[in-house]
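Novice: show me the folded form of this:
(chains A, B, C and D)
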Number of protein chains: 4
Amino acid sequence: MIKAGIIGATGYAGAELVRLLLQREDTEIVWYGSRSYVGEDFASIYRNVTHLVDEPCRDDDMEQLSHLADVIFTATPQGFCASQVTEEILSRTKVIDLSADFRIKDVNIYEQWYKLKHPSPQFLQEAVYGLPEINRESIRGARLIANPGCYPTCSFLTLYPMVKEGLVDPDTLIIDAKSGTSGAGRGAKVPSLYCEVNESMKPYGVASHRHTPEIEEQLSCVADRPVTLSFTPHLVPMNRGILVTAYGTLTRSVTPEEVKAAYDKYYADEYFVRVMNPGMVPQTRWVEGSNFADIAFQTDPRTNRLVMMGAIDNMVKGAAGQAMQNMNLMFGLPENTGLKQIPVFP
Amino acid sequence: MIKAGIIGATGYAGAELVRLLLQREDTEIVWYGSRSYVGEDFASIYRNVTHLVDEPCRDDDMEQLSHLADVIFTATPQGFCASQVTEEILSRTKVIDLSADFRIKDVNIYEQWYKLKHPSPQFLQEAVYGLPEINRESIRGARLIANPGCYPTCSFLTLYPMVKEGLVDPDTLIIDAKSGTSGAGRGAKVPSLYCEVNESMKPYGVASHRHTPEIEEQLSCVADRPVTLSFTPHLVPMNRGILVTAYGTLTRSVTPEEVKAAYDKYYADEYFVRVMNPGMVPQTRWVEGSNFADIAFQTDPRTNRLVMMGAIDNMVKGAAGQAMQNMNLMFGLPENTGLKQIPVFP
Amino acid sequence: MIKAGIIGATGYAGAELVRLLLQREDTEIVWYGSRSYVGEDFASIYRNVTHLVDEPCRDDDMEQLSHLADVIFTATPQGFCASQVTEEILSRTKVIDLSADFRIKDVNIYEQWYKLKHPSPQFLQEAVYGLPEINRESIRGARLIANPGCYPTCSFLTLYPMVKEGLVDPDTLIIDAKSGTSGAGRGAKVPSLYCEVNESMKPYGVASHRHTPEIEEQLSCVADRPVTLSFTPHLVPMNRGILVTAYGTLTRSVTPEEVKAAYDKYYADEYFVRVMNPGMVPQTRWVEGSNFADIAFQTDPRTNRLVMMGAIDNMVKGAAGQAMQNMNLMFGLPENTGLKQIPVFP
Amino acid sequence: MIKAGIIGATGYAGAELVRLLLQREDTEIVWYGSRSYVGEDFASIYRNVTHLVDEPCRDDDMEQLSHLADVIFTATPQGFCASQVTEEILSRTKVIDLSADFRIKDVNIYEQWYKLKHPSPQFLQEAVYGLPEINRESIRGARLIANPGCYPTCSFLTLYPMVKEGLVDPDTLIIDAKSGTSGAGRGAKVPSLYCEVNESMKPYGVASHRHTPEIEEQLSCVADRPVTLSFTPHLVPMNRGILVTAYGTLTRSVTPEEVKAAYDKYYADEYFVRVMNPGMVPQTRWVEGSNFADIAFQTDPRTNRLVMMGAIDNMVKGAAGQAMQNMNLMFGLPENTGLKQIPVFP
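Specialist: Residues are numbered from 1 along each chain as shown, chains lettered A, B, ... in the order given. This next block holds a predicted model:
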């Protein structure tokens, strides 16, 4: 039985981890960490687990938890994990950090975009960027996982084969992304109120969103040269789902079949990535509640551009599901253990 | 391996059956019936099962299917199952009918409310009303199950212990129910369009909805006298979920603790019914995507009434999940096999 | 030119007053009161009035405002208006209070349900309950208006003729009400977050909501005897709209035409009340953004009950629109001045 | 009194015309045309005008109507207006066509994108593209107006000053647009059902949407050279609103203030176009129900691109409101007559 602890269990991503972990028979949740609700029953806050969880919320003592858990998930604000993790903790337990603390290897870029002094840059090189579709082998042996951001997961999976194969010019990349509102978290802020979000949409963080350097760093690795791109997230009135529509100029004339073959080269054997046939488009409803990423594309000879599209559930493949996918790899389990949920529709 | 066939697989309830059955390891779907889409790939219509289902839709030949399947689910319009089912079919395979054909034992009442001539009244007495929480033993041995309606399931579970214990006067029962829009089905009708439903709510079928006699018949059995009640359904702009708010005059002065105890008497051992503590209310989000029914109540000494409240997911406990719960009983399996999904939130 | 001041202009009801008043050519808004945003541009908070309003938010100094304004609207929390209003203020200006401070004439009942000591009971008798459809003449001469609550407005208009005509037994009244989320206000609370409200519904304040005694007091006046009733509000995932479904036992056998005639007796000449023909139901979308109240009914001989249904926009007829309707009466203007907006659909 | 006739009055755009025209005191609607509902009361279909309209729906006889009306609005499918309009009709009455029939001057491009043979190319040169912000003078004298598409209106207003001033390279333009669902019309199709649209988003018409050549033709005029661009519309779960996020490479280094000044050069005197200050973003909720277009931008020195953003209500500025704005110009009235509605929020 794997013992798992969650710090930040009462945020949306943390609670999604609870939902996914509870449905496994090989894992036990030993710690429902939530600074805001210490002492309160977890099931009194997330009533979906009424009668299924009978545990109080605990504080965020990562050191203490590391003595109890085989794996710790930190679904916490930026800076928390990096300020708590130590060599001792990592020697005792595996850590999967859902925050951005260890995603960006260049500490200067991290500090510039996040306006934070990085508390433990010494772990940056060790931490593995937890996108199994590209880093599977490194993840298996890792002690510390930087679980990717929701937008970066969807953006990267959508663009990766095209950049890798050199089909699109990396200098022309534009990513227009749209997200449901769970990505904004459970903080009580006026802009997140129902009446403010419902029946409206807006861009935000234009040319300044923190997920930009994360996407750029990963694509730079793939392209083997620095990639600078435009990234615009939008808020859409729905709970779950991220849709990415990305644009790049083609480096040569291609048929839809060639593009499909290039995607298949990388994803044909991936359980969680479903490349759609030419002419189709992804819809977030077809991945909702699941760990799937649906990818499609459209060639446009008129403009000599390729439109690349991807959809994920931001709470699953964009957060808790991917974290569990990483956990599976770290524990030598089949990668889709506990992650075979079929998307819920309608 | 249980072989299951679905007739009406491309309606919302049928597709929910697909979702639930596919996630089982002990069952195989051998027939995706859909008259409207014969020959088309099921996964081209419900893209959530892309890469998971590689089967075309078939016609609605129940006779042929009965040679292939251990259990047939009919998620079809009123009248279909009753017009197709035969003694031969029932001798070969179990049938779980999600339509109303066999729910109402009094054929006159059926024909009066449904405006249909019943095609096979000879099976009415044999058919078991498939609400496991009251008919568990009969279900185990049944060949033909009348799977309850969504509103009746939620209404009955909410009212049953109070009527059974005589705490409320059956002559005073009023059920005000609210449903998400998936209950309206997948037919292409103007009133079901997004822009017609969104940002609006309405009552419908006032004093005339067909689920009324179904609820009345079941409660009459419990009360051991004829029960006539008011039932008003409402359409609410959301996908899934039914909420029932029911009113009854108390037959005697009771404390909240007594009411709770009366509910617990019937539901304490029920996996899928979660009775909430006094002072709490059910919310559909806490059951979404799951087979749970959350029940709560409020005593009101001012009016001498009891307010009884219940919430279910109309697609799961109100249709496909309950059908699978019945299937489990009919095959001698643990009742919650394949039904331990935790509600999805947000 | 009528000079109007608003205290509490940045709440949803206050901002709706701004929207309605700005569209008039005979009125000028001289005060955008908002304690939370003093000094900030009103148009920086409600950007719908960008380029239309160039005024900062001011504090809530009702005394100072009374020297500037012909009419003051207080769209403020309970207790504010009652704690500020004075004889001097009322001698200088008209006051329309959108809070509950002066709605309930029995101060004991107010204090019991609102858990507040009433700060100025001396004005309770003078204050006119501002429902023009019943108190039109009193409103014309009033200095202080208690603008009705949203639920009470919809409930009362739905029930009033039936109670007045004695068609339903007042001891049997049950009001099941459903509201969009704008009624919860603009406070930053977790239960009002988009992801908490969306795709869910719930009852709240069961047998304890503060609008109950307000409805009861008004109906008691009409019935000329004390009325005690059940009132259950529900939260529904939409921005605007209240739907009331009310139940009462018929005192005698009636035809739908008789019921319609009884409604018409009271409402045939009312511009804002639209009684629907037998067999129809109200929908909130048909009143959205307008001051209309749509009323319908269904006789049910099976249960000997009458189902009465009403729909309003809670922000307009349930708050700001009705306040302006009262203002029109107080200033001797046609009652629908500035209130002829046609409902917005879709 | 202006006599107006509407053909296609029961579609969403036609009904929005009804809403806007009814609120005017200088105009009378003499014809509610709706082939699908001939003989039925208009108010029985659009119940928002209950008690306000007492007219049946009529057929689509444009010839007959031209004898009765001073202005005819055709809110009809592609091909209808062009197949009916004649010199005789135009000699008697003004025609404002909300379809695409006369928007694209190059008949070959029209026929290629719309897969229709143009029935009356002889009127193409006379028809004025009805975007008042650029064609005000021509509109005043026109007999036949091609009312712009919803996406083109929002896209053009967002891009126009930047292209005109040469600040962005026309070869690099990418328009990523998002629309509420009313744009899909009132046809009863499965993909427009509530449960299909709600809680999901998708791109559609990728690299093939018919509004692409309309945008290109207008921007080509402005740029004085052929413009070919990428245009991707998306469907978002909300009723009203279009948001455009457009990308272009800067032709030179600019400050935000310079960009703002370039927008102001064209829009400072436009009542309906509201250019936002640097650092702000448009949100559809701030224009809902109104004829405003909110425009904003973000310079991005990292990528040397300009992000241009615009929001309109697709039913108003994107259809019926703009049509009425054109009507005002054609009748010599102030341009915002009947169009001063303040956006409705929430």
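Novice: ok, A:Cys154 touching A:Ile175?
Specialist: No. Using CB atoms under 8 Å as the test, A:Cys154 is too far from A:Ile175 to be in contact (9.2 Å). (C-beta placed from N, C-alpha, C; glycine too.)
Novice: okay, the two: which has more neighbours?
Specialist: Under the criterion of other CB atoms under 10 Å in any protein chain shown, the comparison of A:Cys154 against A:Ile175 puts A:Cys154 first, with 35 against 28.
Novice: can you name the residues that contact that one?
Specialist: A:177, A:242-244, A:293, A:310-312, A:314, A:317-318 (CB atoms under 8 Å, 6 or more residues apart in numbering or on different chains).
Novice: get me the contact residues on the stretch 101-250 of chain A for chain C.
Specialist: A:181-182, A:184, A:186, A:188-190, A:192-199, A:237-239 (CB under 8 Å from any CB of the partner chain).
Novice: just the buried members of those?
Specialist: Burial by neighbour count, judged by 16 or more other CB atoms under 10 Å in any protein chain shown, picks out A:181-182, A:184, A:186, A:192-199, A:237-239 from those.
Novice: shared neighbours, A:Cys154 and A:Ile175?
Specialist: A:Val244.
Novice: would you map the strands across the stretch 1-150 of chain A?
Specialist: Taking DSSP state E, counting those that start in this stretch, the strands of the stretch 1-150 of chain A run over residues A:2-7, A:27-33, A:71-74, A:94-97, A:128-129, A:144-146.
Novice: out of those strands, which comes closest to A:Arg225?
Specialist: Closest approach to A:Arg225 among these (CB to CB): strand A:128-129, 18.4 Å.
Novice: and the closest one, what does it pack onto?
Specialist: helix A:132-140, strand A:144-146 (3 or more CB pairs under 8 Å, 6 or more residues apart in numbering or on different chains; DSSP states H and E).
Novice: OK, contacts around the closest residue in space to A:Asn277 that isn't next to it in sequence?
Specialist: Leaving out its chain neighbours, the residue that sits closest to A:Asn277 by CB to CB, 6 or more residues apart in numbering or on different chains is A:Lys260, at 7.0 Å. Taking CB under 8 Å, 6+ apart as the contact definition, A:Lys260 lies against A:275, A:277-278, A:297.
Novice: close to chain B: what parts of chain A are there?
Specialist: So chain A meets chain B at A:12, A:15, A:19, A:22-23, A:46-52, A:182, A:199, A:239-240, A:274, A:276, A:283, A:285-290, A:294, A:315, A:340-346 (CB under 8 Å from any CB).
Novice: repeat the analysis, applying 7 Å as the threshold.
Specialist: A:12, A:19, A:22-23, A:46-52, A:182, A:199, A:239, A:274, A:286, A:289, A:340, A:342-346 (CB under 7 Å from any CB of the partner chain).
Novice: of those residues, grab the buried ones for ChimeraX.
Specialist: Listed next is the ChimeraX selection for buried residues among those, using 16+ other CB under 10 Å:
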select /A:12,19,22,46,47,48,49,50,52,182,199,239,274,286,289,342,343,344,345,346
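Novice: so which residue is dead centre in chain A?
Specialist: A:Gly318 (3.1 Å; CA atoms, centre = their mean).
Novice: about what we covered before: determine which two of the buried ones among the residues of the stretch 101-250 of chain A next to chain C are furthest apart.
Specialist: Pairwise distances across these peak at 21.3 Å for A:Arg186 and A:Glu199 (criterion: CB to CB).
Novice: how about the residue of chain A positioned farthest from its centre, nearest residue that isn't a chain neighbour?
Specialist: Within chain A, the residue lying farthest from the chain centre (CA atoms, centre = their mean) is A:Arg302, at 34.1 Å. Using CB to CB, 6+ apart and skipping the chain neighbours, the partner closest in space to A:Arg302 is D:Thr228 (5.7 Å).
Novice: surely that neighbour and D:Glu216 touch.
Specialist: Yes. Assessed by CB atoms under 7 Å, D:Thr228 is found in contact with D:Glu216 at 6.3 Å.
Novice: so for these two, which sits in the more crowded spot?
Specialist: Counted by other CB under 10 Å, D:Thr228 and D:Glu216 do not tie: D:Glu216 has more neighbours, with 23 against 16.
Novice: and A:Arg305, what's its pLDDT?
Specialist: pLDDT, A:Arg305: 98.
Novice: how about the residues of the stretch 101-250 of chain A by chain D?
Specialist: A:174, A:176, A:178, A:195-196, A:199-204, A:206-207, A:228-230, A:232, A:234, A:236-239, A:241, A:243, A:245, A:247.
Novice: contact partners of stretch A:329-337?
Specialist: For stretch A:329-337, contacts defined as CB atoms under 7 Å, 6 or more residues apart in numbering or on different chains pick out A:2, A:94, A:132, A:136, A:139-140, A:142, A:271, A:325, A:328.
Novice: quick check: closest non-adjacent residue to the residue of the stretch 1-150 of chain A found nearest chain C.
Specialist: Across the stretch 1-150 of chain A, the shortest distance to chain C (CB to the nearest CB) belongs to A:Tyr12, at 6.9 Å. Nearest residue to A:Tyr12, sequence neighbours excluded (CB to CB, 6+ apart): A:Ser182, at 4.9 Å.
Novice: looking at the strands of the stretch 1-150 of chain A, spot the one closest to C:Ala223.
Specialist: Closest approach to C:Ala223 among the strands of the stretch 1-150 of chain A (CB to CB): strand A:27-33, 53.1 Å.
Novice: rounded mean pLDDT for that closest one, please.
Specialist: On average, strand A:27-33 scores 98.
Novice: residues in contact with it?
Specialist: A:1-9, A:18, A:21-22, A:42, A:55, A:57-60, A:65, A:68-69.
Novice: okay, that strand in PDB with CA atoms only?
Specialist: C-alpha atoms of strand A:27-33 as PDB (Å, rounded to 0.1, in the frame of the first residue of the first chain):
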ATOM      1  CA  THR A  27      -2.900   3.800  -2.200                       C
ATOM      2  CA  GLU A  28      -3.900   5.300   1.100                       C
ATOM      3  CA  ILE A  29      -4.100   9.000   1.800                       C
ATOM      4  CA  VAL A  30      -2.400   9.600   5.200                       C
ATOM      5  CA  TRP A  31      -2.500  13.400   5.300                       C
ATOM      6  CA  TYR A  32      -5.100  15.900   4.200                       C
ATOM      7  CA  GLY A  33      -3.100  19.100   4.600                       C
END
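Novice: which parts of that strand are buried?
Specialist: Buried residues in strand A:27-33 (16+ other CB under 10 Å): A:27, A:29-33.
Novice: quick check: the farthest pair among the residues you listed?
Specialist: Applying CB to CB across the buried residues of strand A:27-33, the maximum distance is between A:Thr27 and A:Gly33, 16.2 Å.
Novice: sorry, back to before: tell me which of the helices and strands packed on strand A:128-129 is the most buried.
Specialist: Ranked by mean neighbour count, the helices and strands packed on strand A:128-129 are led by strand A:144-146 with a mean of 25 (mean count of other CB atoms under 10 Å in any protein chain shown).
Novice: what packs against it?
Specialist: Under the contact criterion of 3 or more CB pairs under 7 Å, 6 or more residues apart in numbering or on different chains; DSSP states H and E, strand A:144-146 touches strand A:94-97, strand A:128-129.
Novice: winner for burial among these?
Specialist: Of all the helices and strands packed on strand A:144-146, strand A:94-97 carries the top mean neighbour count, a mean of 26, counting by mean count of other CB under 10 Å.
Novice: what about it, distance to the chain center?
Specialist: 14 Å (CA atoms, centre = their mean, to the nearest Å).
Novice: can you check stretch A:230-241 too?
Specialist: The answer for stretch A:230-241 is 14 Å, by CA atoms, centre = their mean.
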